[in-house]
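**Q** what's the 3D shape of this:
(one chain, ligands or ions: 1)
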Amino acid sequence: MSSPIRHDWTPSEVNALFALPFNDLLFKAHSVHREYFDPNAVQVSTLLSIKTGACPEDCKYCPQSNRYDTGLEQEKLMEVEKVLAEARAAKATGASRFCMGAAWRSPKKKDMPYVTAMVKGVKEMGLETCMTLGMLTEEQSQELAEAGLDYYNHNLDTSPEYYGEIITTRTYQDRLTTLSNVRKAGLKVCSGGIVGMGEKASDRAGLLIQLANLPEHPESVPINMLVRVEGTPLADEADLDPFDFIRTLAVARIMMPASHVRLSAGREEMNEQMHALAYFAGANSIFYGEKLLTTPNPEANKDLKLFERLGIKPEERGVEHSDEDEQAVLQASLQQAQNDRFFYDATA
Ligand code: SF4
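**A** A predicted model of the protein is given here:
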């Protein structure tokens, strides 16, 4: 590999990457991408909100915080059987990983038996499992690992310098501690951030430096574009130049060459050309479904149709498939996508 895995990125070199002419940056990012990945494969995950709203935290972008009036209907923790039914349907559409998210500061003791039962049930179906439940202790991380959890999502959101403008109810160090607890338990890490929150380019660089200079790179790095939700403090935030979003993906690809860079929230506002550019810049994972927790996500069939037009195949992780198998999965997915029954509408 001519692009080694590094953990010693400095602000000056990362700022210099952001400052490259767009075509030079994309060429570099795409070249790195090809060293580590099939450029025509995109991993697909399905996300289910297992507990919606009433979160005590004050993340300024989030409609699930109980501090903002966004009209979001709160829901209690879903029943285990309902979660398993959603996972079964997601598997039938070709999703290889099932992510479950709860709007908590951290899970309480009484919640743990339910979430571990969900992990066990989903795992038994042969799907990879991922959860995002807020801050975790070492013991909770261990409990989830023993239940069969593969990934834990916990985002750093932005740079340490800008963080205080966005969240005041937990510290940057709290987040780093959770990531460290999760690693100690042997779980894989999904961690990224959000751009378009009024931060500077140097903050986007700062976020990526934090992620890339962790002792191990997160296996999955979601890069979200702010979804401006009415009622949240960031509802009127100015537009981010779409090319700055692509630049962030490209720099993430260069700095964490073996990680899946995930195109996450904000896809609803991105057109097909922007998606294609994002895949070229090194994004190779998406959330698929009608809702991304509580914000709109492009309809799954739109994604699959674009995959077809671009010659992209959904990546089947951990399972060997022939081209025919992959086509069959894609075909089944296209049919299933006509029917949104399986998509959990967190706001309904
Ligand atoms: S981002 Fe997570 S922790 Fe923050 S308010 Fe929303 S649900 Fe709560």
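
**Q** how much space is there between the spatially most central residue of the chain and residue 113?
**A** Residue closest to the average C-alpha location in the chain (C-alpha atoms, centre = their mean): residue 222, at 3.8 Å. Per C-beta to C-beta, to the nearest Å, residue 222 is found 28 Å from residue 113. (C-beta placed from N, C-alpha, C; glycine too.)

**Q** Contact partners for residue 100?
**A** 47, 48, 50, 83, 115, 118, 122, 129, 130, 131, 132 (C-beta atoms under 8 Å, 6 or more residues apart in numbering).

**Q** Which residue comes closest to the residue in the stretch 151-300 of the chain that the ligand sits nearest to once chain neighbours are left out?
**A** At 6.8 Å from the ligand, residue 167 is the closest residue in the stretch 151-300 of the chain, using C-beta to the nearest ligand atom. For residue 167, ignoring the flanking residues on the chain, the nearest one in space by C-beta to C-beta, 6 or more residues apart in numbering is residue 59 at 5.0 Å.

**Q** hang on, the one you found packs against residue 163?
**A** No: contact criterion C-beta atoms under 8 Å: residue 59 and residue 163 do not qualify, at 10.5 Å.

**Q** list residues touching both of these two?
**A** Overlap of the contact sets of residue 59 and residue 163 (by C-beta under 8 Å, 6+ apart) consists of residue 157.

**Q** ok, now which ones touch residue 99?
**A** Here residue 99 is in contact with 45, 46, 47, 48, 130, 131, 132, 151, 153, 287 (C-beta under 8 Å, 6+ apart).

**Q** do the same with residue 144
**A** Each residue near residue 144 by C-beta under 8 Å, 6+ apart is listed here: 115, 116, 119, 131, 136, 152, 185, 187.

**Q** how far does the strand or helix carrying residue 254 sit from the chain's center?
**A** According to DSSP states H and E, residue 254 maps onto helix 242-255. Averaging C-alpha positions (C-alpha atoms, centre = their mean, to the nearest Å) puts helix 242-255 15 Å from its chain's average.

**Q** now the helix or strand just after that helix, how far from the centre of its chain.
**A** Going down the chain from helix 242-255, the next helix or strand is strand 260-263, by DSSP H and E. Relative to its parent chain, strand 260-263 has a centroid offset of 7 Å by C-alpha atoms, centre = their mean.

**Q** quick one: strands adjacent to strand 260-263?
**A** strand 220-225 (parallel), strand 283-287 (parallel) (DSSP bridges).

**Q** packing partners for whatever helix or strand residue 85 lives in?
**A** Per DSSP H and E, residue 85 falls inside helix 80-92. In terms of contacts (3 or more C-beta pairs under 8 Å, 6 or more residues apart in numbering; DSSP states H and E), helix 80-92 is packed against strand 41-51, strand 97-102, helix 112-124, helix 323-337.

**Q** Run the contact check for stretch 67-86 versus the ligand.
**A** No: counting by C-beta under 6 Å from any ligand atom, the ligand has no neighbours in stretch 67-86; the shortest distance is 8.1 Å.

**Q** and that stretch, average pLDDT?
**A** Here stretch 67-86 scores 83 as its mean pLDDT.

**Q** Would you convert the strands paired with strand 260-263 into CSV that also reports mean pLDDT and distance to the ligand?
**A** Below are these laid out as CSV (pLDDT from 0 to 100; distance: least, C-beta to the nearest ligand atom, whole Å):
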stretch, mean pLDDT, distance to the ligand
strand 220-225, 93, 11
strand 283-287, 89, 15
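
**Q** Tell me how far the helix or strand containing residue 211 lies from the chain's centre.
**A** Using DSSP H and E, residue 211 maps to helix 201-212. Centroid separation for helix 201-212 versus its chain: 17 Å, with C-alpha atoms, centre = their mean.

**Q** now the angle between strand 220-225 and it, please.
**A** 160 degrees (axes from the mean of the first three to the mean of the last three C-alpha atoms, to 10 degrees).

**Q** going forward, begin numbering at 55 instead of 1
**A** From this message on, residue numbering opens at 55, which makes the last subject helix 255-266.

**Q** residues of helix 255-266 that come out buried?
**A** Using 16 or more other C-beta atoms under 10 Å as the test for burial, helix 255-266 gives 255, 256, 257, 258, 259, 260, 261, 262, 263, 264, 265, 266.
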